[in-house]
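S.K.: okay, here's the prediction I keep looking at, along with the sequence it came from:
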Amino acid sequence: MDNYSLKTIMNKPERLAPGHRMCAGCGATIAVRAVLRGLNEGDRAVIGNATGCLEVSSFMYPYTAWEDSYIHNAFENAGATLSGVETAYKALKKRGRLPENETFKFITFGGDGGTYDIGFQSLSGAMERGHDMVYVCYDNGAYMNTGIQRSSATPMYADTTTTPVGKVSNGKMQSRKDIANIMAEHHIPYVAQTTFTQDFKDIHKKSHKAIYTEGAAFLNIMAPCPRGWRYETSEIMDICKLAIETCYWPLFEVENGEWRLTYEPKKKLPIEDFLKKQGRFKHLFKKGNEDLIAQFQEEVDRRWEELKCKCN
Amino acid sequence: MDMKERMSGNEAVSYAIKQINPDVMPAFPITPSTEIPQMISTYIANGEIDTEFIPVESEHSAMSAAIGAQAAGARSLTATSSAGLALMWEELLLAASNRLPLVLALVNRTLSGPININCDHSDGMGARDTGWIQIYAENNQEAYDNFIQAYPIAEHEGVHLPVMICQDGFITSHAVENIELLDDKKVKKFVGEYKPEEYLLNPGNPVAVGPYSVSNYAMEAKKNQEIALENSKAVILEVAKNFKKISGRSYGLFEEYKTKDADYIMLIMGSAAGTAKQAVSELRAKGMKVGVLKLRVFRPFPAEEIAEALKGCKTVAIMDRCESYNGNGGPLGSEVTSALFRNKVMIETVNYIYGLAGRDFTVDEAKAIFKELEEQDVSGRKVEQYKYIGLRT
């Protein structure tokens, strides 16, 4: 892994074929392709998927974009469904019904709705039982498939269709749930938070590690949604960079209980830099709303200090 | 070697599972089916079987994991009751529509509320339109025999549907009765190996399960599923025929007890059929021509066969151990009368609701029902078409 080369990994065969129906510039498919590049060539995989944009746009009968075996069951049970698949693998291996030299890996994808909210119990159960699988949350911070409703991953003050900004509303009133922390508290072997960086090294390394760590692993990937966040699709890499540099979305991993920052900004940027590029926070920049931004900054700072504390 | 034993219904089903040794069993405890996952876990803990047990955190996850395991190519099952089945409801539909031949041991218990742990059929009836085959047992022997027949029915190439094997909570699940158990080898041979055609863990042949389907395709998927359910009727009978060869015990879509010359027939499902048969024996001794039609297969619903079996009688008492809150009767009441009408069998019917939430159903009550049918017929006494029996006064 130390001889990481963007060119080499980008030349690996794609395991999510083009031609699916996801939006141009969607963060979810970038996340999926990055995670699947973490698989060693020659290893097979079964991919799970909670209901959401990714599922309804990538497997529309009679076409599938998935090169590997794939199962979508429902919205709230990607964790449980894949734990059944992984257990079947154990049973079939044990009983000699699969060739000994065949290796299957188990990766399931869910949006923040399917992960933080409706699928939370199923995810928690699967992680606690220690199935040898990776649960990947592509976190775009709202229920995008149904049209940008708030989730418990939605940041404070975001304008969504169920927390609309209005005469007496400044958007979502609560700050987001810290799912990576909650998963780490399950004491599973590997948890990481990542997003897209210029060289894709962080997400690649973490995906590979998650897939090849024995036992349950969880990846939380910030996957911006141009429709929901309201920014120009071409700006996705800038948005991700600002999320990292403002410490809104810190990059870290928790390996067997050891917390580690995988990137620390030299100079933490003010949260405005991240917020102002997105239409969902436009109202925060109206005159008189300065205190809202200050509150947002305070929460980012608090969580960043807490994280640094864990990582030291 | 076949052997005679004494067992409860839960023990009997667990014993059948042990003999089959399925690949994967996810389960979550709920009264009165809890003993089944407990017993399977004990068999595993003692090395008697090597089924992979998944101690899931809910019934929804139990059915979700069973679906995942079955789609992956493993023979799977779970067990539940009441609220557990209700929590699985969405997943029941997915198991059937994905055409996965998994099996569920249902120990019938009433649905809340009020919360109550005892038997009625509201859980099974609540899942009656989920696309599952449903087979009901009168006693522990039938629960055992039905379970052994479940996989050959579910996995049949013309079916590929999940099967629910139902027995009455406590009355059957916990009462210890005599039972005849089949030899292990016989059971293994009868059930055979699971050989799916397409499955997730088929190296080099990836498959995608659970598509989004637009209106151009979804309707055909639903129709094909319906055809499979219709096909299952013949398969259930064929499997029963083969089962008779190894057990000597006969099963059909329903059992007819002294119905051939009967004026009045009680159509009933589950353990109360035994009570009804006792009433019939006592009334027959006094010269009354009465009989029992005990429904075994509720899904697919044997409408034509029931109409044919009832056409010679004057009145049928349709016994529902479930209220369906439609203001017009219970589920069996609705389906049986519709079967009679569609097949032009214009006999009298009375739909009785009995035994809800574990309320006792006695031989005296069954006898009183037959007498009521006779009075209605002979003296023209008006009887409500839909009524409760056994209510407190």
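M.R.: Done, it's in. Residues are numbered from 1 along each chain as shown, chains lettered A, B, ... in the order given.

S.K.: okay, now A:Glu214: neighbour count?
M.R.: 9 (other CB atoms under 10 Å in any protein chain shown). Using the backbone N, CA and C atoms, a C-beta is placed for each residue, glycine as well.

S.K.: tell me which element the closest residue in space to A:Leu6 that isn't next to it in sequence falls in.
M.R.: Distances taken as CB to CB, 6 or more residues apart in numbering or on different chains put A:Asp199 closest to A:Leu6, at 5.1 Å, once the chain neighbours are dropped. For A:Asp199, there is no enclosing helix or strand under DSSP states H and E.

S.K.: what pLDDT does A:Asp199 get?
M.R.: Note for A:Asp199: predicted pLDDT of 97.

S.K.: hang on, B:Met125 packs against B:Gly333?
M.R.: No - judged on CB atoms under 8 Å, B:Met125 makes no contact with B:Gly333 at a distance of 11.2 Å.

S.K.: residue of the stretch 1-150 of chain A nearest chain B, please.
M.R.: A:Gly84 (2.8 Å; CB to the nearest CB).

S.K.: all strands of the stretch 151-300 of chain B, in order?
M.R.: B:163-168, B:177-181, B:208-209, B:254-257, B:264-269, B:290-295, B:297-299 (DSSP state E, counting those that start in this stretch).

S.K.: count of neighbours near A:Cys53?
M.R.: Using other CB under 10 Å, A:Cys53 is surrounded by 23 other residues.

S.K.: distance of A:Glu41 relative to B:Glu91?
M.R.: 35 Å (CB to CB, to the nearest Å).

S.K.: more neighbours, the two?
M.R.: Ranked by neighbour count (other CB under 10 Å), A:Glu41 and B:Glu91 place B:Glu91 first, with 26 against 8.

S.K.: now do the top strand by length along chain A, average pLDDT.
M.R.: Identified as the longest strand of chain A according to DSSP state E is strand A:104-111. The average pLDDT for strand A:104-111 rounds to 98.

S.K.: over to stretch B:323-342?
M.R.: On average, stretch B:323-342 scores 97.

S.K.: how about that stretch: buried residues?
M.R.: B:323-324, B:329-337, B:339-340 (16 or more other CB atoms under 10 Å in any protein chain shown).

S.K.: contacts only, for B:Leu253.
M.R.: Residues counted as contacts of B:Leu253 (CB atoms under 8 Å, 6 or more residues apart in numbering or on different chains) are B:233, B:236-237, B:295-297, B:302, B:305.

S.K.: want to try CSV for those residues, with neighbour count as columns?
M.R.: As requested, the contacts of B:Leu253 are exported to CSV (neighbours: other CB atoms under 10 Å in any protein chain shown):
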residue, neighbour count
B:Lys233, 19
B:Ile236, 25
B:Leu237, 16
B:Leu295, 24
B:Arg296, 23
B:Val297, 24
B:Pro302, 21
B:Glu305, 17
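
S.K.: just the closest of the residues you listed to chain A, please.
M.R.: The nearest one, if we look at the contacts of B:Leu253 relative to chain A and count by CB to the nearest CB, is B:Ile236, at 26.7 Å.

S.K.: which stretches in chain A count as strands?
M.R.: A:44-49, A:69-72, A:104-111, A:134-139, A:165-166, A:169-170, A:190-194, A:217-222, A:252-255, A:258-261.

S.K.: ranking the ones you listed by burial, who's on top?
M.R.: strand A:134-139 (a mean of 30; mean count of other CB atoms under 10 Å in any protein chain shown).

S.K.: what's next to it, contact-wise?
M.R.: By CB under 8 Å, 6+ apart, strand A:134-139 touches A:27-28, A:31-32, A:35, A:54, A:78-79, A:82, A:105-112, A:115-116, A:123, A:126-127, A:153, A:179, A:207, A:210-211, A:216-223.

S.K.: filter those residues down to the ones near chain B?
M.R.: The subset of these lying close to chain B, counting by CB under 8 Å from any CB of the partner chain, consists of A:79, A:82.

S.K.: for B:His156, which non-adjacent residue is closest in space?
M.R.: B:Val235 (4.6 Å).

S.K.: could you check the angle strand B:177-181 makes with the longest helix seen in chain B?
M.R.: Determined from DSSP state H, the single longest helix within chain B is helix B:215-247. Calculated by axes from the mean of the first three to the mean of the last three CA atoms, to 10 degrees, helix B:215-247 forms an angle of 90 degrees with strand B:177-181.

S.K.: from the contact counts, what lies against helix B:215-247?
M.R.: helix B:82-97, strand B:133-136, helix B:140-154, helix B:184-191, strand B:297-299 (3 or more CB pairs under 8 Å, 6 or more residues apart in numbering or on different chains; DSSP states H and E).

S.K.: mean confidence for the second one?
M.R.: The pLDDT scores in strand B:133-136 average 99.

S.K.: residues contacting that strand, please?
M.R.: B:121, B:124, B:127-128, B:146, B:149-150, B:153-154, B:159, B:161-167, B:229, B:232, B:236, B:269-270, B:295-300.

S.K.: neighbouring strands - and their directions - for that strand?
M.R.: strand B:163-168 (parallel), strand B:297-299 (antiparallel) (DSSP bridges).

S.K.: now the longest one against helix B:82-97, angle please.
M.R.: Interaxial angle of strand B:163-168 relative to helix B:82-97 (the same axes, to 10 degrees): 160 degrees.

S.K.: now do strand B:163-168: distance to the chain's middle.
M.R.: 4 Å (CA atoms, centre = their mean, to the nearest Å).

S.K.: tell me what angle that strand forms with helix B:140-154.
M.R.: Using the same axes, to 10 degrees, strand B:163-168 lies at 170 degrees relative to helix B:140-154.

S.K.: list the contacts of strand B:163-168.
M.R.: For strand B:163-168, using CB under 8 Å, 6+ apart, the contacting residues are B:9, B:13, B:101-108, B:119, B:121, B:124, B:127, B:132-137, B:140, B:142-143, B:146-147, B:150-151, B:153-154, B:173, B:270-272, B:299.

S.K.: how close does the closest residue to B:Glu308 other than its chain neighbours get to B:Leu373?
M.R.: With sequence-adjacent residues excluded and distances taken as CB to CB, 6+ apart, B:Glu308 is closest to B:Asn343, at 7.3 Å. Note on B:Asn343: its distance to B:Leu373, by CB to CB, is 21 Å.
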